[in-house]
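**Q** need a structure here:
(one chain, ligands or ions: 1)
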Amino acid sequence: MSTTPAYAHEDAGSPPSFFPDYRSTVIRSPRLPLVRVPQTLTETTGPTGAWDRLMGPAAVDLTIQHAAPPLGQRIVVSGRVLDEQGRPVPNTVVEIWQANAAGRYIHSKDNWDAPLDPNFTGAGRVITDAEGRYRYVTIRPGAYPWGNHKNAWRPAHIHLSLLGPAFATRLVTQLYFPDDPLIEIDPIANAVPMPYRNRLVCRFDIATTVPNWALGYLFDIVLKGRDQTPFEDAHDH
Ligand SMILES: [Fe+2]
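**A** The predicted structure follows:
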């Protein structure tokens, strides 16, 4: 029995699966028309309230996971998670992963010539409150080179994954920083058409900035609908 999809990935702001400037999409994009698979009950519902049982407790400060603070500019990132109606999505998990201040991931396949930081793992998760708000502390990641084309560099970015109220609402995206000159020449960011690309850029906020401690940025995330935060690649960059 088919059901009407409650959550469809057809928003104008989503990047196309085939975007030749982003080289790996050439071989991994579908060659045949997509087949719509009806969503089942378990995809349109989720294990609300069970995040800590599934993933462990929240880890909202990526700068206190080791013996000493990591190198880099300490930042606070805060915002709200909203659904397609603009309603807050409470009690949902936001997973975070990122490179260190030098642009290096703690990953066996990341071997470019930048130092690892023994005081930075680059992974965390935060759960939204009753008003859909989240807040985490980290360091600003560095840019890093990648093999897409000659002299290709990724803008500084934080990877995010949200499950939302149901498994089918999962959103994987990236947060960029304002005034980063690499955004406009990055094929991954450019696969998201304007003006939707701007939704991937956080905003500096002096009210979120903590005196004598950390710069503050705001970043609201919309799971679905007209104002959806565009998907961004999570495979290997
Ligand atoms: Fe990355």
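**Q** mind naming the longest strand for the chain?
**A** strand 74-82 (DSSP state E).
**Q** quick one: contacts of that strand?
**A** Strand 74-82 is contacted from outside by 63, 88-89, 92, 94, 128, 131-140, 158, 162, 164, 175, 202, 205, 208-210, 213-223, 227, using CB atoms under 8 Å, 6 or more residues apart in numbering. To be clear about C-beta, it is placed using only N, CA and C from the backbone, and glycine gets the same treatment.
**Q** show me what counts as buried in the helix or strand that that strand is followed by.
**A** Per DSSP states H and E, the first helix or strand lying C-terminal to strand 74-82 is strand 93-98. Within strand 93-98, the residues scored as buried using 16 or more other CB atoms under 10 Å are 93-98.
**Q** how about stretch 121-131?
**A** 121-128.
**Q** low pLDDT regions in the protein?
**A** Under the criterion pLDDT under 70, the flagged ranges of the chain are 1-11, 47-49, 225-226, 233-237.
**Q** again, only using 50
**A** 1-8 (pLDDT under 50).
**Q** am I right that residue 25 sits in a helix?
**A** Yes. Per DSSP: H, G, I helix; E, B strand; the rest coil, residue 25 lies within a helix segment.
**Q** now it, nearest residue through space, not along the chain?
**A** residue 19 (4.9 Å; CB to CB, 6 or more residues apart in numbering).
**Q** and the one you found, which helix or strand is it part of?
**A** Per DSSP H and E, there is no helix or strand for residue 19.
**Q** my read: it touches residue 191, true?
**A** Yes. Using CB atoms under 8 Å, residue 19 is in contact with residue 191, at 4.1 Å.
**Q** identify the contacts common to those two.
**A** residue 25.
**Q** which of these two has more neighbours?
**A** Between residue 19 and residue 191, counted using other CB atoms under 10 Å, the more crowded position is residue 191 (22 against 18).
**Q** give me the number of residues near the nearest residue to that one once chain neighbours are set aside?
**A** Closest residue to residue 191 apart from its sequence neighbours, by CB to CB, 6+ apart: residue 15 at 3.7 Å. Per other CB under 10 Å, the neighbour tally for residue 15 reads 21.
**Q** just the one 10 residues further on next, same as before
**A** Other residues near residue 25 come to 19 when the count uses other CB under 10 Å.
**Q** which ones are touching it?
**A** Contacts of residue 25 by CB under 8 Å, 6+ apart are 16-19, 191.
**Q** can you do 7 Å?
**A** Residue 25 makes contact with 17-19 under the criterion CB atoms under 7 Å, 6 or more residues apart in numbering.
**Q** for residue 108, give its distance to residue 116.
**A** According to CB to CB, to the nearest Å, residue 108 and residue 116 sit 11 Å apart.
**Q** secondary structure class for the residue nearest the centre of the chain?
**A** The centroid of the chain falls nearest to residue 160 when counting by CA atoms, centre = their mean (2.4 Å). Of the three states, residue 160 takes strand under three-state DSSP.
**Q** give the helix, strand or coil label for the closest residue in space to it that isn't next to it in sequence.
**A** Excluding the flanking residues, the one nearest residue 160 by CB to CB, 6+ apart is residue 173, at 5.3 Å. Using three-state DSSP, the secondary structure recorded for residue 173 is strand.
**Q** what's the distance between residue 173 and residue 118?
**A** Residue 173 is 29 Å from residue 118, by CB to CB.
**Q** neighbour count for these two, which is higher?
**A** residue 173 (22 against 12).
**Q** who's in contact with that one?
**A** 160, 200, 229-232.
**Q** turn those into TSV, including secondary structure and distance to residue 104.
**A** Shown next, in TSV, are the contacts of residue 173 (DSSP: H, G, I helix; E, B strand; the rest coil; distance: CB to CB, whole Å):
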residue	secondary structure	distance to residue 104
160	strand	19
200	helix	22
229	coil	26
230	coil	26
231	coil	25
232	coil	20
